[in-house]
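Novice: give me the fold of what follows.
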Amino acid sequence: MAHSINIILHVLTGTIAIVIGILAYTSQKGGKRHKRYGRIFLWFMAIVILTAMNGVLFFRDRPFLTVVTFLAFYTSYSGYRVLKTKETGFQLIDFLVMLVVFIVAISFVVRMESANILWNAKVVYYLLGYVLLIVSFDMVRFFFPQVIKSPKFWIYDHIYKMTGSFTALISAGVGTVFANYEPLNQIMPAIFGTVWLVFCLVYFPRKMDY
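Specialist: Got it, this is the predicted structure:
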């Protein structure tokens, strides 16, 4: 019963988050609607991540979905924090989150090496590498804030991370609904996410009104 409730809540909030994310993409960047949609998206993402972690910890551990959830957590958190730290730089709490995420990602890599489970390891490694790349870069920026001198870099950082969160949500949804079509249900969302990310980084900065 608890598992069914968790699944229903996860699917419902995930679907709503995708719709809200699309509305955020189509709204005027920096406008009131965009900011409102962004806040709503984060609230629903929080529920999606919590219900996903419940599924991982108490019901069934699926490596692909676990890593996607992990990715969605960090990109959602740090994508939001960009708006709070664009002038002051990273705070101690940001570094602590980076450190925890980095350690968990490394431990996941070690566990995959020793586990005797059949899954598409290449896709999972790709996602883990994506997480580690983002976190490692942020850690470098924490210790060496002058590495990035452009005052507008935060715009790209925000787009990069929030798009990563949105595509992670899409990947988790496709990976769950089309579970019988492995590894395409993992590979195709990864390709879509990469292409969409590049498009967003090129197109949307020109639409920002901050």
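Novice: in this structure, what residue spans correspond to helices?
Specialist: Along the chain, the stretches classed as helices by DSSP state H are 2-26, 32-54, 63-85, 92-114, 121-143, 153-177, 184-203.
Novice: could you export the fourth one as CSV, CA atoms only?
Specialist: Output for helix 92-114, consisting of C-alpha atoms alone and laid out as CSV, is shown next (Å, rounded to 0.1, in the frame of the first residue of the first chain):
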residue,chain,number,x,y,z
LEU,A,92,30.0,27.0,3.2
ILE,A,93,26.7,25.2,2.9
ASP,A,94,27.2,25.0,-0.9
PHE,A,95,30.6,23.4,-0.5
LEU,A,96,29.3,20.9,2.1
VAL,A,97,26.6,19.8,-0.4
MET,A,98,29.2,19.5,-3.1
LEU,A,99,31.4,17.4,-0.9
VAL,A,100,28.5,15.0,0.1
VAL,A,101,27.4,14.6,-3.6
PHE,A,102,31.0,14.0,-4.7
ILE,A,103,31.6,11.3,-2.1
VAL,A,104,28.3,9.6,-2.8
ALA,A,105,29.0,9.6,-6.6
ILE,A,106,32.5,8.1,-6.0
SER,A,107,31.0,5.4,-3.7
PHE,A,108,28.4,4.6,-6.4
VAL,A,109,31.2,4.1,-8.9
VAL,A,110,33.0,1.7,-6.5
ARG,A,111,29.8,-0.2,-5.8
MET,A,112,29.2,-0.6,-9.5
GLU,A,113,32.6,-2.1,-10.0
SER,A,114,32.0,-4.7,-7.4
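Novice: list the buried ones in that helix?
Specialist: 94, 97-98, 101-102, 105, 108, 112 (16 or more other C-beta atoms under 10 Å). The way it works is simple: take the backbone N, C-alpha and C, and place the C-beta from them, glycine included.
Novice: got a markdown table for those, with distance to Y156 and pLDDT too?
Specialist: Putting the buried residues of helix 92-114 into a markdown table (distance: C-beta to C-beta, whole Å; pLDDT from 0 to 100) gives the following:
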| residue | distance to Y156 | pLDDT |
| --- | --- | --- |
| D94 | 18 | 93 |
| V97 | 20 | 91 |
| M98 | 18 | 92 |
| V101 | 20 | 87 |
| F102 | 22 | 88 |
| A105 | 23 | 81 |
| F108 | 27 | 75 |
| M112 | 31 | 63 |
